[in-house]
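Visitor: need a structure here:
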Amino acid sequence: WVAFRNSELISGNIAKKTIGDGSKTGLLYILLRDCGQLETARLMDRWAKLCSRYFGFHRGFSIGISDVTPSDKLKKLKHNILSNGYRKAAENI
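Guide: Numbering: from 1, shown residues only. The predicted structure is shown next:
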């Protein structure tokens, strides 16, 4: 578990499972459930800025476009999902 006081981590460890690994026990899910979409999006934006600044300044970390470009397999999966959705929508109209 994780505990914050005045926006400061006072106990616990921030890891993928803690933040949100797709389960209903992750911090992002709990925040979404309790505080709504806007606050969850604000947190995600702040974390993205914090992480990029921390890694950039303290670890020499950088990320390139190839690190975030979806693979051909993912693009095909997305296309299939959208095509099926549009087809089902057209059938129901």
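
Visitor: which helix or strand contains residue 75?
Guide: Element membership of residue 75 [criterion: DSSP states H and E] is helix 72-92.

Visitor: return the set of buried residues in that helix.
Guide: Of the residues in helix 72-92, none count as buried by neighbour count, 16 or more other CB atoms under 10 Å. C-beta: built from backbone N, CA, C; applies to glycine.

Visitor: for stretch 36-56, same thing?
Guide: In terms of neighbour count (16+ other CB under 10 Å), stretch 36-56 has its buried residues at 40, 43.

Visitor: got the CA positions of it in CSV?
Guide: In CSV, the C-alpha atoms belonging to stretch 36-56 read as follows (Å, rounded to 0.1, in the frame of the first residue of the first chain):
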residue,chain,number,x,y,z
GLY,A,36,-13.5,11.3,-11.6
GLN,A,37,-11.9,11.5,-15.0
LEU,A,38,-10.6,15.1,-14.8
GLU,A,39,-8.6,14.6,-11.6
THR,A,40,-7.2,11.2,-12.9
ALA,A,41,-6.1,12.9,-16.2
ARG,A,42,-4.5,15.7,-14.2
LEU,A,43,-2.5,13.2,-12.1
MET,A,44,-1.4,11.3,-15.2
ASP,A,45,-0.2,14.5,-16.8
ARG,A,46,1.7,15.6,-13.7
TRP,A,47,3.3,12.1,-13.3
ALA,A,48,4.4,12.2,-17.0
LYS,A,49,6.1,15.6,-16.5
LEU,A,50,7.7,14.5,-13.2
CYS,A,51,9.0,11.2,-14.6
SER,A,52,10.4,12.8,-17.8
ARG,A,53,12.1,15.6,-15.8
TYR,A,54,13.5,13.2,-13.2
PHE,A,55,14.9,10.7,-15.6
GLY,A,56,16.2,13.4,-18.0
